[in-house]
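**Student:** Show me the folded form of this:
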Amino acid sequence: MPISILGNKIREKRKQKKLTLKTLSKMTNISQSELSKIEKGEIRNPSNVFLYRLSKALDVEYNDLLRYRWDKYPERLLKAGIYCKK
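**Tutor:** From the prediction side, this is the model:
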(Lines give C-alpha, C1' and ligand atoms only; values in the text may rest on other atoms or scores of the structure.)
Protein backbone atom coordinates (compact mmCIF):
# COMPACT_ATOMS: atom_id res chain seq x y z
CA MET A 1 0.00 0.00 0.00
CA PRO A 2 1.34 3.46 -0.85
CA ILE A 3 2.52 5.72 1.94
CA SER A 4 -0.10 8.17 3.17
CA ILE A 5 1.25 11.68 3.58
CA LEU A 6 -1.84 12.63 5.60
CA GLY A 7 -1.53 9.58 7.85
CA ASN A 8 2.15 10.21 8.48
CA LYS A 9 1.50 13.87 9.37
CA ILE A 10 -1.29 12.94 11.78
CA ARG A 11 0.84 10.28 13.47
CA GLU A 12 3.79 12.69 13.67
CA LYS A 13 1.68 15.44 15.31
CA ARG A 14 0.01 12.95 17.67
CA LYS A 15 3.38 11.67 18.84
CA GLN A 16 4.78 15.20 19.18
CA LYS A 17 1.91 15.95 21.54
CA LYS A 18 2.51 12.63 23.33
CA LEU A 19 -1.05 11.48 22.69
CA THR A 20 -2.11 7.86 22.43
CA LEU A 21 -4.67 6.74 19.88
CA LYS A 22 -7.06 6.23 22.77
CA THR A 23 -6.62 9.80 24.01
CA LEU A 24 -6.92 11.29 20.52
CA SER A 25 -10.00 9.16 19.96
CA LYS A 26 -11.66 10.64 23.03
CA MET A 27 -10.66 14.18 22.02
CA THR A 28 -12.04 13.85 18.48
CA ASN A 29 -14.87 11.35 18.89
CA ILE A 30 -13.24 9.26 16.15
CA SER A 31 -12.78 5.57 16.96
CA GLN A 32 -9.28 4.27 17.67
CA SER A 33 -9.73 1.84 14.80
CA GLU A 34 -10.53 4.62 12.33
CA LEU A 35 -7.64 6.77 13.59
CA SER A 36 -5.27 3.85 13.19
CA LYS A 37 -6.53 3.22 9.65
CA ILE A 38 -6.10 6.91 8.76
CA GLU A 39 -2.52 6.87 10.09
CA LYS A 40 -1.72 3.68 8.16
CA GLY A 41 -3.25 5.03 4.96
CA GLU A 42 -6.02 2.43 4.92
CA ILE A 43 -8.56 5.26 4.99
CA ARG A 44 -7.17 7.54 2.30
CA ASN A 45 -9.91 10.14 2.16
CA PRO A 46 -11.29 10.83 5.65
CA SER A 47 -14.28 13.12 5.90
CA ASN A 48 -13.89 16.87 6.28
CA VAL A 49 -15.53 16.57 9.71
CA PHE A 50 -12.81 14.13 10.81
CA LEU A 51 -10.10 16.40 9.46
CA TYR A 52 -11.58 19.40 11.26
CA ARG A 53 -11.72 17.52 14.57
CA LEU A 54 -8.13 16.32 14.11
CA SER A 55 -6.94 19.83 13.25
CA LYS A 56 -8.38 21.18 16.51
CA ALA A 57 -7.07 18.31 18.66
CA LEU A 58 -3.59 18.37 17.14
CA ASP A 59 -3.39 22.16 16.82
CA VAL A 60 -2.70 22.12 13.08
CA GLU A 61 -4.29 24.11 10.28
CA TYR A 62 -7.36 22.46 8.79
CA ASN A 63 -6.24 23.56 5.30
CA ASP A 64 -2.90 21.80 5.81
CA LEU A 65 -4.69 18.53 6.52
CA LEU A 66 -6.79 19.03 3.39
CA ARG A 67 -3.61 19.60 1.38
CA TYR A 68 -1.95 16.49 2.84
CA ARG A 69 -5.05 14.46 2.00
CA TRP A 70 -4.85 15.52 -1.63
CA ASP A 71 -1.05 15.43 -1.97
CA LYS A 72 -1.37 11.84 -3.13
CA TYR A 73 -3.42 12.99 -6.11
CA PRO A 74 -1.88 16.30 -7.27
CA GLU A 75 -2.46 15.51 -10.94
CA ARG A 76 -6.21 15.45 -10.31
CA LEU A 77 -6.07 18.91 -8.75
CA LEU A 78 -3.73 20.31 -11.40
CA LYS A 79 -6.23 19.33 -14.08
CA ALA A 80 -8.99 21.08 -12.14
CA GLY A 81 -6.83 24.21 -11.76
CA ILE A 82 -7.02 24.03 -7.97
CA TYR A 83 -3.53 22.96 -6.98
CA CYS A 84 -0.23 24.74 -7.53
CA LYS A 85 3.08 23.10 -6.77
CA LYS A 86 5.35 25.11 -4.51
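
**Student:** for the chain, what are the low-confidence residue spans?
**Tutor:** Residues of the chain meeting the criterion pLDDT under 70: 1-3, 70-86.

**Student:** can you tell me how far Ser4 sits from Ile10?
**Tutor:** 9 Å (C-beta to C-beta, to the nearest Å). (Glycine included, C-beta is placed from N, CA and C.)

**Student:** Which one of those two is surrounded by more residues?
**Tutor:** Of the pair Ser4 and Ile10, Ile10 is the one with more neighbours under other C-beta atoms under 10 Å, namely 25 against 22.

**Student:** check contacts around the more buried one.
**Tutor:** Going by C-beta atoms under 8 Å, 6 or more residues apart in numbering, Ile10 touches 35, 38-39, 54, 58, 65.

**Student:** returning to that earlier point: residues that sit against both of Ser4 and Ile10, list them.
**Tutor:** In contact with both Ser4 and Ile10: 38-39, using C-beta under 8 Å, 6+ apart.

**Student:** which residues touch stretch 18-28?
**Tutor:** 14, 30-32, 35-36, 50, 53-54, 56-58.

**Student:** just the buried members of these?
**Tutor:** Burial by neighbour count, 16 or more other C-beta atoms under 10 Å: within these this picks out 14, 30, 35, 50, 53-54, 57-58.

**Student:** Need the max-distance pair from the residues you listed.
**Tutor:** The distance between the two most remote of the buried ones among the contacts of stretch 18-28 (C-beta to C-beta) is 13.7 Å, for Arg14 and Phe50.

**Student:** follow-up on the earlier one: could the buried ones among the contacts of stretch 18-28 go into JSON lines alongside secondary structure and distance to Arg44?
**Tutor:** Formatted as JSON lines, those follow (DSSP: H, G, I helix; E, B strand; the rest coil; distance: C-beta to C-beta, whole Å):
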{"residue": "Arg14", "secondary structure": "helix", "distance to Arg44": "18"}
{"residue": "Ile30", "secondary structure": "coil", "distance to Arg44": "15"}
{"residue": "Leu35", "secondary structure": "helix", "distance to Arg44": "14"}
{"residue": "Phe50", "secondary structure": "helix", "distance to Arg44": "12"}
{"residue": "Arg53", "secondary structure": "helix", "distance to Arg44": "18"}
{"residue": "Leu54", "secondary structure": "helix", "distance to Arg44": "15"}
{"residue": "Ala57", "secondary structure": "helix", "distance to Arg44": "20"}
{"residue": "Leu58", "secondary structure": "helix", "distance to Arg44": "19"}
